[in-house]
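# The following block contains a protein sequence and its predicted model.
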Amino acid sequence: MDLGFLGTYTPRLDDKNRLVLPARFREPLAGGLVITRGHERCLCVWPVEGFRAATEQLAAAPLTSKAARDYSRVLFAGAHDEVPDKQGRITVPQPLREYAGLVRDCAVIGANTRVEIWAADAWEAYLAAQEDTFSALSQEVPTGLL
């Protein structure tokens, strides 16, 4: 049963700026992944096929859409593709580390179809700020989900 990417993990960047993927994320990402800028200064990690599917919607947007052009430029300009090594490590390029404020301690979270990488302190601050919003949003979640 595929439940998508779930959970929160706290790996560290090593001296070569590599991150060890959580064991349960390794198999779905073993064939290759794309890491790029996410929202709220996190990084998004997609399996290659998932990234391809997500970006097909952008490809369908008309070139006359300034919002689609702007979003595509930022998304693709920062994208980095690779295959994890045998230990499940990926290298986080410097521009992406800087964007997300990654120095050493990280939070790697499952976000259903993708994985997000956060600076540990930024994740804790985000999560604390969202606690009240999480409860309030339950009224807007599709009927039957909660």
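On my side now, so go ahead. Residues are numbered from 1 along each chain as shown.
# Where does pLDDT dip in the protein?
Residues of the chain meeting the criterion pLDDT under 70: 1, 138-146.
# Tell me where it has helices.
Taking DSSP state H as the test, the helices found in the chain are 23-29, 48-60, 66-77, 94-100, 120-137.
# Select, out of those, the one closest to residue 112.
Evaluated over the helices of the chain, closeness to residue 112 peaks at helix 48-60, with 10.0 Å, by CB to CB. All C-beta spots, glycine's among them, are computed from the backbone N, C-alpha and C.
# related to what we said a few turns ago, among the helices of the chain, which is nearest residue 109?
Nearest to residue 109, of all the helices of the chain, is helix 120-137, at 7.1 Å by CB to CB.
# thinking again about what came up before, ok, which of the helices of the chain comes nearest residue 12?
helix 120-137 (8.8 Å).
# what comes into contact with that closest one?
When contacts are defined by CB atoms under 8 Å, 6 or more residues apart in numbering, helix 120-137 is touched by residues 8, 10, 40, 41, 42, 100, 101, 105, 106, 107, 109, 118.
# hmm, try it at 6 Å
105, 106, 107 (CB atoms under 6 Å, 6 or more residues apart in numbering).
# Which ones among the residues you listed lie within strands?
Those of those mapping onto strands are 106, 107, per DSSP state E.
# Make sure residue 112 is actually in contact with residue 2.
No - the pair residue 112 / residue 2 is not scored as a contact, 10.7 Å apart, by CB atoms under 6 Å.
# between these two, who's got more neighbours?
A count of neighbours by other CB atoms under 10 Å puts residue 112 above the other of residue 112 and residue 2, at 9 against 5.
# what bridges to that one?
Note on residue 112: beta-bridge partners by DSSP bridges are residue 5.
# Distance-wise, check it relative to residue 61.
For residue 112, the distance to residue 61 equals 23 Å [CB to CB, to the nearest Å].
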